[in-house]
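>>> Have a look at this prediction, sequence included:
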Amino acid sequence: MNDAGVWRTTNYDEGDKFGIIGDRAVVVAAGFLYQDEPEQLCVAAGGRGQDQDIKDAPPVSAVLKQELIKLGVLNEDIMEENNSGNTYQQLRELQNIWQAKNFTQAALISNQHGLARIEAMIEYKIELAHFKDLLRVGRLKLLSAEEILLERAPAEWGGKIKRAYASEAMKKRIALEERGARQIKDGTYKFT
């Protein structure tokens, strides 16, 4: 989102034509996990995606990186992936990074409402077979940003999350995510 010339992630009371996004929660959750293990590498993933037609829009990865730095993540501990334009492309790029860096384990953080669709992509797309195998043996974990925030900062995030998930905009987003997961499973999902 562009706020007076400054690009940032969205809060739970903001969204797009598909409903609430709430990607700020993912960044904050990643910041908490980094505090636990400050030597880990954080991969900020995302190209220009939906903003590709906006002339001065930065890649999502650059916005995420700046926000992670403000939360105390060291610049050298952040890798940017800016080739992807959607979730499926991000997963492919992240899988390539995993293989190139020879990681032994990793966690993907997403909003709770997106996890089923992500898991379906990993389970049903042959191009993500490596991630599927890693998920099955526990070397790749899918984490809910909301669960991390409720554990680490319940006073700050509890009410926000409760209100967001009770809203019509979030119900719209959840319905679309659930439909997407079903379409992936039945082979009718459009990955472009």
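Thanks, I have the structure now. Numbers count the residues shown, from 1 in each chain.
>>> can we go C-alpha only for contacts and neighbour counts from here?
OK.
>>> contacting residues for Leu135?
Going by Cα atoms under 8 Å, 6 or more residues apart in numbering, Leu135 touches Lys141.
>>> buried set for whichever strand or helix holds it?
Using DSSP states H and E, Leu135 falls within helix 129-136. Residues of helix 129-136 classed as buried by neighbour count (16 or more other Cα atoms under 10 Å): Phe131, Lys132, Leu134, Leu135.
>>> Could you double-check that the second one sits in contact with Glu123?
Yes: counting by Cα atoms under 8 Å, a contact exists between Lys132 and Glu123, whose distance comes to 5.6 Å.
>>> Point out the other helices and strands that the helix or strand that the helix holding Leu135 is followed by packs with.
Helices and strands here follow DSSP H and E; after helix 129-136, the next one along the chain is strand 140-144. Packing contacts for strand 140-144, counted by 3 or more Cα pairs under 8 Å, 6 or more residues apart in numbering; DSSP states H and E, involve strand 106-110, helix 112-124, helix 129-136.
>>> Find the nearest non-adjacent residue to Ala169, please.
With Cα to Cα, 6 or more residues apart in numbering as the criterion, Ala169 has its nearest non-adjacent residue at 4.6 Å, and that residue is Gly19.
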